[in-house]
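Enquirer: Structure for this input, please:
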Amino acid sequence: MEYEAEHAELASMMIAGKVKIAVLPEPFVTQVLSKNSTAKIALNLTDEWNKAAKKQSVLTMGCLIVRKKFAQENKSALDSFLADYKSSADYVNSNPGKAAVLSQQFGMMDSAVAEKAIPNCAIVYMDGTEMKEKIPEFLNVLYQANPKSVGGKLPADDFYYQK
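Expert: Numbers count the residues shown, from 1 in each chain. Reported below is the predicted structural model:
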């Protein structure tokens, strides 16, 4: 088994047939499937996580982190940013075709691939009570596997920003 730090590189290797099995996130899965007719999805890690977690946590692949002091000193700006962030996530999920065009326009990804990938990306905005209910158990799984993965200890309640 080899670890590749870059998803794009691993996707390229899959497309070229140099790698037979890979764990990739979207939109790289869609890119590989569109360019390698022998590739197929064996497992959806989000689905598998949901089965194992029994809805007590979510497979978290990205988050926004700011320093506590920054959040305190820039509360209005941060709250405004978070509102825009939520609107953006909602827009992409509700308008994958239009979002895909923007993806290409801003040089992120070909619109045809983006439009196919967006519904599978599980783009989610989570804050407040939902975040405090679902993220700790995810972090606990990481902690149990390797405490260093979460900084050596599980975060306290004030880790979660509340508007």
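
Enquirer: other SSEs contacting the helix or strand harbouring Leu102?
Expert: Here Leu102 sits within helix 96-105, counting by DSSP states H and E. Here helix 96-105 touches helix 75-94, helix 111-117, going by 3 or more C-beta pairs under 8 Å, 6 or more residues apart in numbering; DSSP states H and E. In short, each C-beta sits where N, CA and C put it, glycine included.

Enquirer: What are the buried residues along that helix?
Expert: Within helix 96-105, the residues that qualify as buried are Pro96, Ala99, Ala100, Ser103, counting by 16 or more other C-beta atoms under 10 Å.

Enquirer: ok, now stretch 69-89?
Expert: Neighbour-count burial for stretch 69-89 [16+ other C-beta under 10 Å]: Leu78.

Enquirer: distance between that stretch and the chain's centre?
Expert: Stretch 69-89 has its C-alpha centroid displaced from the chain centroid by 19 Å (C-alpha atoms, centre = their mean, to the nearest Å).

Enquirer: Could I get the contacting residues of the closest residue to Tyr91 other than its chain neighbours?
Expert: Excluding the flanking residues, the one nearest Tyr91 by C-beta to C-beta, 6 or more residues apart in numbering is Ala99, at 6.6 Å. Neighbouring residues of Ala99 by C-beta atoms under 8 Å, 6 or more residues apart in numbering: Tyr91, Val92, Ala114, Glu115, Ile118.

Enquirer: and the gap between Ala99 and Val66?
Expert: 25 Å (C-beta to C-beta, to the nearest Å).

Enquirer: Give me the pLDDT value at the residue of the chain positioned farthest from its centre.
Expert: Here the chain reaches farthest from its C-alpha mean at Glu73, the gap being 27.7 Å by C-alpha atoms, centre = their mean. The score at Glu73 is 97. That number is its pLDDT.

Enquirer: Look up phi and psi at the residue nearest the centre of the chain.
Expert: Geometric centre of the chain, nearest residue: Met61, 3.6 Å, by C-alpha atoms, centre = their mean. Backbone torsions of Met61, given as degrees, to the nearest 10, read phi -110, psi -10.

Enquirer: before we move on, what about Val58?
Expert: Residue torsions, per degrees, to the nearest 10, at Val58 are phi -130, psi 150.

Enquirer: What count of nearby residues applies to it?
Expert: 20 (other C-beta atoms under 10 Å).

Enquirer: mind checking how far the closest residue to it other than its chain neighbours is from Lys69?
Expert: If the residues on either side of it in the chain are set aside, Val58 comes closest to Lys134, at 4.8 Å by C-beta to C-beta, 6+ apart. Distance from Lys134 to Lys69, counting by C-beta to C-beta: 26 Å.
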